[in-house]
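Asker: Quick one, what's the 3D model for this:
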Amino acid sequence: MMYQHDIHALTDQYPAHGELLWIGVRPAQKQAVIPVEAVMADSEQGLMGDHYSGRGKKRQVTLMQWEHLSVLESFVGKTVAPDLLRRNLLVRGVNLLALKQRCFRIGDAVFKTTGLCHPCSRMETVLGQGGYNAMRGHGGITAQVIQSGRICTGDAVIVVE
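Answerer: Alright, predicted model coming up:
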């Protein structure tokens, strides 16, 4: 196999598709995250049932890598449940940072990465002392829904042109 060394060609290569493992919606600010098996992603509203619905397009959805849970657990010394991190989607098998300025499909919906999802001060409360710093660099990304559709746990995460 011949490897390409052109940076543009390299950034277009992904070892595999990802998989959506967990979905959570936050019905109101500071309320508990509710895990769901499926949700409608709307290009105008974001994830239906989430308190960020309709508040702006840049941060309609937050995504984090499933693989980072074990990293966080090693930092804080305890099990970290996905709902504590207040992200909407946890995916496995694709480096979310490699999706910078990219569009990707999950289920019937298409998303566009809009930025990094930095930790909030609540991480110090839910993860314990040092929780904020434990999350730094592991908070995931924010995205905008550019094509509405239903997403379900188990759906593939596929980069689209």
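
Asker: So which residue is dead centre in the chain?
Answerer: Computing the C-alpha centroid of the chain and ranking residues by C-alpha atoms, centre = their mean puts residue 63 first, at 0.7 Å.

Asker: For the protein, just list every one of the strands.
Answerer: Assigned by DSSP state E, the chain shows strands spanning 18-25, 34-36, 38-42, 46-47, 61-65, 89-92, 103-106, 109-116, 141-147, 149-152, 156-160.

Asker: Which of those sits closest to residue 124?
Answerer: Of all the strands of the chain, strand 61-65 sits nearest to residue 124, with 17.6 Å by C-beta to C-beta. In this view, the C-beta of every residue, glycine as well, is placed from N, C-alpha and C.

Asker: So which elements touch that closest one?
Answerer: strand 89-92, strand 141-147 (3 or more C-beta pairs under 8 Å, 6 or more residues apart in numbering; DSSP states H and E).

Asker: Reformat the ones you listed as CSV; add distance to residue 34 and mean pLDDT.
Answerer: Listed next are the helices and strands packed on strand 61-65 as CSV, based on distance: least, C-beta to C-beta, whole Å; pLDDT from 0 to 100:
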stretch, distance to residue 34, mean pLDDT
strand 89-92, 14, 97
strand 141-147, 19, 95
